[in-house]
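J.: Below are the sequence and a predicted model for it; my questions follow.
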Amino acid sequence: MAPGATEPLLAPPRQQRRRRAWGLAVTAVLVLILFLLSASGSLRPRLFSSSPERVPLTLLAGATEKGAVCLDGTPPGYHLQRGSGDGANKWLIHLEGGGWCSTVKDCSNRKMSALGSSNFMKPIVFAGAGILGSDQQLNPDFYNWNKVYVRYCDGASFSGDTEGRAQDGSLLHFRGLHIYEAVIDELMRKGLANATQALLTGCSAGGLATILHCDDFSARFPREASVKCLADAGLFLDVKDISGESSFWSVYDGVVHLQNVREVLPKECLANKEPTECFFPAELIKSIRTPMFILNSGYDSWQIRNVLVPVSSSHDKSWLSCKDNIRNCNSTQIEVLDGFRNSMVNNLKVVEDKEDWGMFIDSCFTHCQTLYGISWNSPISPRLGNKTIAEAVGDWHSRRKQEVKQIDCEYPCNPTCSSLLPT
């Protein structure tokens, strides 16, 4: 395979930098663990396969005519892997994540990457990518489904609907809502319309997109079809940072107004609250009728670094060390992180009364857990109630258990939170 010919689904650069900095003793332990994992098969597809199957990029047909284009005006794309056997009429649609752009400058920069232009998108590998993997042992509930990975190139969680001008005077296309609708329409013509089961998933900004579009997705199918949603690391909190500023609110406020996302927001929320408040999941989940599974860490590493302790909030070296690795946090800092976790738990109280919903809120310092085999289902996956994430999601989706709602205790109570998890 030529260098650069294939993109990994998620690349954890911080984790890679830490690994290179470890001493020989820790490296030896890592090598031993990787050997054991490879023997069990949980990491083999990503690290040990000499020729993993690449899933090509499919560009949306007629994108310009549909007004469904990336920030730079190029057509959006997706990767489709067909199902087989009893999964031939079952579909999993995953919405890619990758933050947001809330200013013209940010969006202008973003369109020079795969997060703003399909010119930079490449084939990807599903093998070993958690819920997208095709190994029955590692992904027993979804291994043979039709799987689609929808690329994210609008910067507003597939929800914007307007235009703007970039810094160089060129047009910025904020058409995330049109992208979502046009891609789903095209997939319906390719067999999604005949699905007996359909699951809409997404991670991070894609997790928020899953929450935003869940009911619309469900409404496209006949009543006899089983349609559900899984939001991974999408429960972004409206909390102040450690300096007392609402810095993340400002980011969302910029996205909401720059990209005009009102169309996807709940009307009952807009009737009483500001549009920006209605863009936060705590408000969104109140009105969702479709069964949903919320997967999140109470100590979400991305939110700790960007919501609770953004660069603007503190230059204290101890906080820099803490947000890089939770094991470096002192007791006072852990109390602050506990407060963040408690805010998340409070936001989820509404889920307790939703019968068909599920939850898996662990206390591991990580972000996005469905797309990594090591997190999804491996010997060192996070566990709640002695269940891996794959097992808990499978129990919920297949109704093997009547209720799957697990909230972990406070850090560092869970011994299954491995330091090897991606952050």
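T.: Good, I have the coordinates. Residues are numbered from 1 along each chain as shown.

J.: pretty sure residue 326 contacts residue 338?
T.: No - assessed by C-beta atoms under 8 Å, residue 326 is found out of contact with residue 338, at 11.3 Å. Backbone N, C-alpha and C define where each C-beta goes, glycine included.

J.: who touches both of those two?
T.: Common neighbours of residue 326 and residue 338 (criterion: C-beta atoms under 8 Å, 6 or more residues apart in numbering): residue 411.

J.: Would you mind telling me which of these two has more residues around it?
T.: residue 326 (22 against 15; other C-beta atoms under 10 Å).

J.: and the helix or strand hosting residue 395, what's its mean pLDDT?
T.: Residue 395 belongs to helix 389-397 when assigned by DSSP states H and E. In this model, helix 389-397 carries a mean pLDDT of 98.

J.: which element follows that helix toward the C-terminus?
T.: Next helix or strand after helix 389-397 toward the C-terminus (DSSP H and E): strand 405-407.

J.: Centre of the chain to that following strand, how far?
T.: Relative to its chain's centre, strand 405-407 lies at 19 Å (C-alpha atoms, centre = their mean, to the nearest Å).

J.: Can you pull the poorly scored residue ranges out of the protein?
T.: For the chain, applying pLDDT under 70 flags the ranges 1-51.

J.: Do you have the strands of it handy? List them.
T.: Here the chain has its strands, by DSSP state E, at 54-55, 58-59, 77-81, 90-95, 124-125, 146-150, 162-165, 171-174, 197-203, 226-232, 292-297, 358-362, 405-407.

J.: Can you show me the CA trace of the fourth one as CSV?
T.: These are the backbone C-alpha positions of strand 90-95, laid out as CSV (Å, rounded to 0.1, in the frame of the first residue of the first chain):
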residue,chain,number,x,y,z
LYS,A,90,-29.4,-4.1,8.5
TRP,A,91,-27.6,-0.7,8.3
LEU,A,92,-25.3,1.3,10.5
ILE,A,93,-24.7,4.9,9.5
HIS,A,94,-21.8,6.7,11.3
LEU,A,95,-21.5,10.5,11.2
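
J.: What's the local residue count around residue 73?
T.: Residue 73 has 17 neighbouring residues, counting by other C-beta under 10 Å.

J.: got the contact list for the residue lying closest to it once chain neighbours are set aside?
T.: Ranked by C-beta to C-beta, 6 or more residues apart in numbering and with sequence neighbours excluded, the top spatial neighbour of residue 73 is residue 173, at 5.4 Å. Residue 173 makes contact with 69-73, 154, 163 under the criterion C-beta under 8 Å, 6+ apart.

J.: ok so, going back, tell me which of the strands of the chain lies nearest to residue 112.
T.: strand 171-174 (12.0 Å; C-beta to C-beta).

J.: May I see the buried residues of that closest one?
T.: 172-174 (16 or more other C-beta atoms under 10 Å).

J.: repeat for stretch 365-382
T.: For stretch 365-382, burial by neighbour count (16+ other C-beta under 10 Å) applies to 365-378, 380-382.

J.: how far does it stretch from start to finish?
T.: 11 Å (C-alpha to C-alpha, to the nearest Å).

J.: one step back: look up how far residue 207 lies from the residue nearest to residue 73.
T.: In this view, residue 173 and residue 207 are 23 Å apart by C-beta to C-beta, to the nearest Å.

J.: Check residue 180 too.
T.: Distance from residue 180 to residue 207, by C-beta to C-beta: 14 Å.

J.: So the two - more neighbours on which side?
T.: For residue 180 and residue 207, the more surrounded residue by other C-beta under 10 Å is residue 207, and the numbers stand at 29 against 25.

J.: Make sure the more buried one is actually in contact with residue 213.
T.: No - at 11.2 Å, residue 207 and residue 213 do not qualify as touching, with contact defined as C-beta under 8 Å.

J.: if we can go back for a sec, just give me the closest of the contacts of residue 173 to residue 248.
T.: Closest approach to residue 248 among these (C-beta to C-beta): residue 154, at 19.5 Å.

J.: quick one: contacts for that closest one?
T.: By C-beta under 8 Å, 6+ apart, the contact list for residue 154 reads 70-71, 76, 116, 160, 173-176, 179, 259.

J.: Which two of these have the greatest separation?
T.: Among the contacts of residue 154, the pair separated by the greatest distance (C-beta to C-beta) is 76 and 259, at 15.1 Å.

J.: buried stuff in stretch 131-145?
T.: For stretch 131-145, by 16+ other C-beta under 10 Å, it's 131-135, 138-139, 141-145.

J.: Specify which member of the residues you listed is nearest to residue 401.
T.: Of all those, residue 141 has the smallest distance to residue 401: 13.0 Å, by C-beta to C-beta.

J.: residue contacts, that closest one?
T.: 390, 393-394, 397-398.

J.: For residue 179, which residues are in contact?
T.: Contacts of residue 179 (C-beta under 8 Å, 6+ apart): 60, 68-70, 76, 153-154, 158.

J.: same check, this time on residue 363
T.: By C-beta under 8 Å, 6+ apart, residue 363 lies in contact with 297-299, 341, 408-414, 417.

J.: Same question for residue 412.
T.: By C-beta under 8 Å, 6+ apart, residue 412 lies in contact with residue 363.

J.: quick one: it from residue 362, how far?
T.: Relative to residue 362, and taking C-beta to C-beta, residue 412 is found at 12 Å.

J.: Repeat that for residue 248.
T.: For residue 248 relative to residue 362 (C-beta to C-beta), the value is 22 Å.

J.: Please identify which of the two sits among more neighbours.
T.: residue 362 (28 against 20).

J.: tell me the contacts of the more buried one?
T.: Residue 362 touches 297-298, 369, 382, 384, 408, 414, 417, counting by C-beta under 8 Å, 6+ apart.

J.: closest to residue 194 among the residues you listed?
T.: Among those, residue 369 lies closest to residue 194 (C-beta to C-beta), at 30.2 Å.

J.: Skipping its backbone neighbours, what lies nearest that closest one in space?
T.: Take residue 369 and drop its neighbours on the chain: the residue closest to it by C-beta to C-beta, 6+ apart is residue 375, 4.0 Å away.

J.: Residue 359 too?
T.: Going by C-beta to C-beta, 6+ apart, residue 359 has residue 405 as its nearest residue, at 4.5 Å.

J.: Residue 357 is in contact with that neighbour, correct?
T.: Yes - at 7.3 Å, residue 405 counts as touching residue 357 under the criterion of C-beta under 8 Å.
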